[in-house]
Each structure stands twice: as C-alpha cells, then as structure tokens.
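> Give me a model of this one.
(one chain, ligands or ions: 1)
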Amino acid sequence: MDVLQLNNIQKTFGEGGQANAVLKGVSFSVAKGEFVAISGPSGCGKSTLLSIMGLLDTPDGGDYLIEGQNVSSLNADGRAQLRGKQVGFVFQAFNLIDELTVQENVALPLKYQEVAKSERLSRAKHCLEQVGLGDKLNLLPNQLSGGQQQRVSIARALAGQSGIVLVDEPTGNLDSKNGDAVMKLLQDLNGQGTTIVLVTHDPRYADMAHRTIMLKDGLVEREMVASSGLVPANQPIRESDTVAV
Ligand SMILES: Nc1ncnc2c1ncn2[C@@H]1O[C@H](COP(=O)(O)OP(=O)(O)OP(=O)(O)O)[C@@H](O)[C@H]1O
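Modelled structure (predicted):
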C-alpha cells in the first residue's frame with residue numbers, strides 16, 4: 001500500500017524575471033514500511049520537496065496524498081492540524097526548545113493534537129526509550145551531545161504515531177560517529193515498521209535505503225533500487241556495506 005503519493009508536484013519561488021522553478025513535476029510513491037532516500041546535487045530541490053511532504057510548505061501544482069487523502073490544497077490551519085499526526089519530521093538542526101526538558105520537547109507537538117497531558121508524557125517517555133534515551137527524560141537539550149539531540153528529535157517525530165518519518169539531512173550537524181549512530185537508529189526503526197523518507201547528500205547513507213530517488217533540474221532523474229538488500233541492522237556501518245544499485 002502506498003502511504004505517500006506525489007503526482008506532478010511543482011514549486012516556483014519568486015515571480016516574473018526572478019522566478020525560480022525548483023520542482024517541475026515530481027512524481028513518485030512511497031509504500032508502507034519502505035525506506036526511501038532522496039538525493040541529488042545541491043540546490044536541486046530536495047529540502048523543498050521534503051518540506052512539502054512534511055506539510056511545512058505547499059506545492060503550486062500537482063497532488064500530494066497521505067494515506068489516500070489529498071492534502072495538497074489544505075490551508076495553513078489544515079496543514080498544521082495534520083503535521084506531526086500524519087507525518088513526523090526530523091530537521092538537520094534538531095529544532096529543540098532549549099528551555100524544555102527532553103521529555104517535554106517530545107510531548108509538545110501532541111498538545112496541538114489535543115492529546116491529554118498524561119498520555120503526552122507517557123508517549124514521549126516510550127518514544128525516548130525507543131531511541132535509547134529513557135534515562136535522559138529530565139535533562140535539557142544542551143546537556144546532551146549532538147547525536148543525542150538528534151535522537152530526541154527522532155523521538156518527537158515518532159510520538160505522533162503516524163508511522164511515517166521524513167528526515168532532512170539528519171547527520172549534517174554531526175560528526176561521523178554520531179552520524180552513523182543516527183543512521184543506524186533510523187535503519188532499526190525502519191526494521192520495526194516505520195516508513196522513512198531521507199534527504200541525504202551522502203551516497204553511503206542513501207545506499208542504506210531500499211530505493212533512492214535522484215532529483216535533477218526539478219525532476220526525478222532516475223530511481224535506483226538496492227539490489228542486494230539492506231545493511232544488516234545489527235552490523236556497524238562500514239564503507240564495504242554500501243549496496244550496489
Ligand atoms: N523559501 C525560499 N524562497 C526562495 N527560494 C528558495 C526558498 N527555499 C528554497 N529556495 C531555492 O530553491 C532551490 C532549492 O533549494 P533546496 O533547499 O530545496 O535544495 P536542496 O537540494 O535541498 O539543496 P542542498 O542540498 O544544498 O541543501 C534553491 O535555489 C533555493 O535557493
């Protein structure tokens with residue numbers, strides 16, 4: 001079953017002589033439980049596309065369906081209501097609130113989904129345990145390493161229970177050890193059934209996905225399917241683990 005469907009998605013920034021047509025008709029689908037990477041040259045529109053998929057931005061044309069519901073023409077309120085509930089989003093820069101504890105950060109988006117406080121806190125605790133931070137609930141973000149902060153933001157994306165997590169360059173602010181650990185976590189979560197769409201520059205990380213969508217000049221240039229399966233989830237990530245596509 002396709003949980004995400006993009007049909008002819010278009011996006012232009014600016015107008016007239018300044019117009020920059022970034023997405024010129026992007027179409028692809030993501031099946032439930034899939035791990036899809038989006039890759040391509042800098043400036044080709046990867047983050048713009050993921051923002052549209054995460055209901056952070058709207059397309060100018062085309063249709064975007066989440067679990068069969070067309071969400072492309074929702075207004076800002078409609079998008080805000082579904083954000084987090086239908087899709088979780090992980091930002092490169094974590095986007096945690098410094099003054100809130102780790103548990104409160106994860107619980108906060110659930111407030112806007114009108115989840116009761118006790119349920120919010122217990123879901124946050126559960127998701128933090130899932131990402132290996134069950135012993136850090138009451139710390140503030142700046143008391144954690146960058147890799148741990150990114151795991152908090154992954155827990156926040158899981159807390160909406162959509163089962164779909166969109167991840168924009170999650171390792172961009174991390175050293176390679178923490179970056180590898182975050183990717184291993186995403187792979188484990190995918191192994192447990194979470195659908196993942198990952199924007200990455202790094203071919204080694206793109207190779208961890210079932211399928212890579214290459215964007216170029218505002219269009220899907222090609223799709224590559226991993227031919228020999230994923231890196232085993234219980235193995236450390238090594239250069240030699242990259243999958244031939
Ligand atoms: N809010 C915006 N207003 C105007 N132009 C924008 C906006 N967001 C993105 N752009 C432009 O759209 C193009 C694509 O940007 P985007 O960030 O989606 O690319 P990307 O493939 O993710 O790049 P990178 O790999 O360097 O992060 C760029 O030319 C960028 O300047």
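> tell me the centre residue of the chain?
residue 166 (1.6 Å; C-alpha atoms, centre = their mean).
> Give me the contact list for the host helix or strand of that one.
Residue 166 belongs to strand 164-168 when assigned by DSSP states H and E. The contact list for strand 164-168 (C-beta atoms under 8 Å, 6 or more residues apart in numbering) reads 3-4, 46-47, 50, 53-54, 66, 86-92, 154, 157-158, 186, 189, 194-199. For the C-beta atoms, the positions are set from N, CA and C on the backbone; glycine is no exception.
> what's the following helix or strand after it?
As assigned by DSSP H and E, the chain's next helix or strand after strand 164-168 is helix 176-191.
> Count the residues that sit near residue 17.
Residue 17: 5 surrounding residues under other C-beta atoms under 10 Å.
> Kindly report the same for the one 4 residues further on.
Using other C-beta under 10 Å, the number of residues around residue 21 comes to 15.
> Any part of the strand holding residue 166 near the ligand?
No: residues of strand 164-168 are not located near the ligand by C-beta under 6 Å from any ligand atom, the shortest gap being 7.8 Å.
> Extract the C-alpha trace of that strand and format it as PDB.
What follows is strand 164-168, C-alpha atoms only, in PDB (Å, rounded to 0.1, in the frame of the first residue of the first chain):
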ATOM      1  CA  ILE A 164       6.000   7.900   8.700                       C
ATOM      2  CA  VAL A 165       9.100   9.900   9.400                       C
ATOM      3  CA  LEU A 166      10.600  12.400   7.000                       C
ATOM      4  CA  VAL A 167      14.300  13.200   7.700                       C
ATOM      5  CA  ASP A 168      16.200  16.100   6.200                       C
END
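> Buried ones in that strand, by neighbour count?
164, 165, 166, 167, 168 (16 or more other C-beta atoms under 10 Å).
> any chance of those residues in JSON lines, with pLDDT too?
Formatted as JSON lines, those follow (pLDDT from 0 to 100):
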{"residue": "164", "pLDDT": "96"}
{"residue": "165", "pLDDT": "96"}
{"residue": "166", "pLDDT": "97"}
{"residue": "167", "pLDDT": "96"}
{"residue": "168", "pLDDT": "96"}
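> Spatially, which two of these are the most separated?
For the buried residues of strand 164-168, with distances taken as C-beta to C-beta, the pair at the greatest spread is 164 and 168 (14.0 Å).
> can you give me the helices for this protein?
Listed in chain order, the helices of the chain (DSSP state H) span 46-53, 76-82, 102-112, 117-130, 146-159, 176-191, 203-206.
> For this protein, what lies in contact range of the ligand?
Residues of the chain lying close to the ligand by C-beta under 6 Å from any ligand atom are 13, 20, 22, 42, 43, 44, 45, 46, 47, 48, 201.
> For the residues you listed, which entry has the maximal number of neighbours?
Of the residues of the chain next to the ligand, residue 45 is surrounded by the most neighbours, 25 neighbours in total, counting by other C-beta under 10 Å.
> List the neighbours of stretch 184-199 that are in contact with it.
3-4, 30-39, 46-47, 49-50, 53, 130-132, 151, 154, 158, 163-170, 205-206, 208-209, 230-231, 233, 236-237.
> From the residues of the chain next to the ligand, which land in strands?
Secondary structure assignment by DSSP state E places 13, 20, 22 of the residues of the chain next to the ligand in strands.
> list the contacts for the second one?
The neighbourhood of residue 20, defined by C-beta under 8 Å, 6+ apart, consists of 12, 13, 14.
> can you list these in CSV and add pLDDT and distance to residue 174?
CSV is the format used below for these (pLDDT from 0 to 100; distance: C-beta to C-beta, whole Å):
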residue, pLDDT, distance to residue 174
12, 97, 33
13, 96, 29
14, 94, 33
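> any idea which of those is the one closest to the ligand?
The ligand has its nearest neighbour among the contacts of residue 20 in residue 13, at 3.4 Å by C-beta to the nearest ligand atom.
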